[in-house]
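# 3D, please:
(one chain, ligands or ions: 1)
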Amino acid sequence: MSEPLISIRNLCVDYITDAGDVRACNNVSFDIGKGEVFGLAGESGCGKSTVAFSLMRLHKPPAYISGGQVLFNGEDILQYSDDRMQTFRWSEMSMVFQSAMNALNPVLTMEEQFCDVIMRHTNMTREQAVKRAQGLLEIVDIHPSRLNDYPHQFSGGMRQRLVIAIALALNPKMIIMDEPTTALDVVVQREILQKIYALKEEFGFSILFITHDISLMVEFSDRIGIMYSGELIEVAPSKQILESPYHPYTKGWVVHSRR
Ligand SMILES: Nc1ncnc2c1ncn2[C@@H]1O[C@H](COP(=O)(O)OP(=O)(O)OP(=O)(O)O)[C@@H](O)[C@H]1O
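Now for the predicted structure:
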């Protein structure tokens, strides 16, 4: 692994329920290197999304972070004020969720949505922000003239590329991708992931990648961490996870996921 960009140390996240607190993420520790793609895998409900949202501090009640550190370039972002966190989000670390439609505002043109993110976080004028937005569309292979369109005027694959372009808008050092292509058909999924990978090579950001698709995960991740019941039980280079998993659960997961 390259020099770490982010170091998660003993992260604990609980959900408050009527039946008591449920620990969804238990003492999870791992690093993601600069420019590395780190895959987080495991069966449904094991805590992957809880980890992803907690790293951005976008977890919502009843979830709360009950312990640990998230060191980003050496600073614990769990200690940041809400204001500092607002600046941190999108400019240092951004996120692409499963449902692109939910991430986009249906009543605003794409130009409004790009300018909102760019102008809120930078000193750019409207004109400069529009230029930047046009450049971002080109990066994800969408014609810049389409900035005037509304989300429903794009196909599902294009919408997901728009969300990726917004995630790239402020040149973040890390992007969290939680099932970024799950709603799309297989060919489009692979195309989009190839595009993301090429962008990562060009811009050098790191990726936390979550997907249920083991072949995509192995193909695109440098290392994979396997979660089971809120704990991270194994971390290894992707090829090793596939060919010689260490933990019995990982062995079972590999066999099951490949069926
Ligand atoms: N709103 C909630 N209230 C109570 N417990 C919750 C809530 N959301 C999640 N949990 C608990 O946290 C655990 C982890 O959920 P999480 O969504 O992080 O899993 P996941 O691995 O991302 O699942 P999936 O692959 O299905 O998205 C769940 O098993 C559940 O016990």
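# state which helix of the protein is the longest.
Assignment by DSSP state H gives helix 186-203 as the longest helix of the chain.
# what are the boundaries of the strands in this protein?
Here the chain has its strands, by DSSP state E, at 4-17, 20-33, 37-41, 63-72, 75-76, 93-96, 174-178, 206-210, 223-228, 231-237.
# give the pairing partners of the fourth one; include direction for each.
Here strand 63-72 has these sheet partners by DSSP bridges: strand 4-17 (antiparallel), strand 75-76 (antiparallel).
# so what touches the last one?
Contact partners of strand 75-76, identified using CB atoms under 8 Å, 6 or more residues apart in numbering, comprise 69-70. Yep, even glycine has a C-beta here, placed from its N, CA and C like the rest.
# sorry, back to before: so which bits of the longest helix of the chain are buried?
By 16 or more other CB atoms under 10 Å, the buried positions in helix 186-203 come out as 188-193, 196, 199-200.
# report the angle between the axes of that helix and strand 206-210?
160 degrees (axes from the mean of the first three to the mean of the last three CA atoms, to 10 degrees).
# helices or strands next to helix 186-203 in the packing?
Contact here means 3 or more CB pairs under 8 Å, 6 or more residues apart in numbering; DSSP states H and E; on that basis helix 186-203 packs against helix 156-168, strand 206-210, helix 214-220.
# ok, and which of the buried residues of helix 186-203 reach the ligand?
With CB under 6 Å from any ligand atom as the criterion, these include none near the ligand.
# which single one of those residues is nearest to the ligand?
The shortest approach to the ligand among the buried residues of helix 186-203 belongs to residue 189, at 16.4 Å (CB to the nearest ligand atom).
# and residue 21, what does it touch?
Residue 21 sits next to 14-15, 66 when contact means CB under 8 Å, 6+ apart.
# got a ChimeraX select line for the buried ones in the residues you listed?
Buried residues within the contacts of residue 21, by 16+ other CB under 10 Å, are selected in ChimeraX with:
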select :14,15
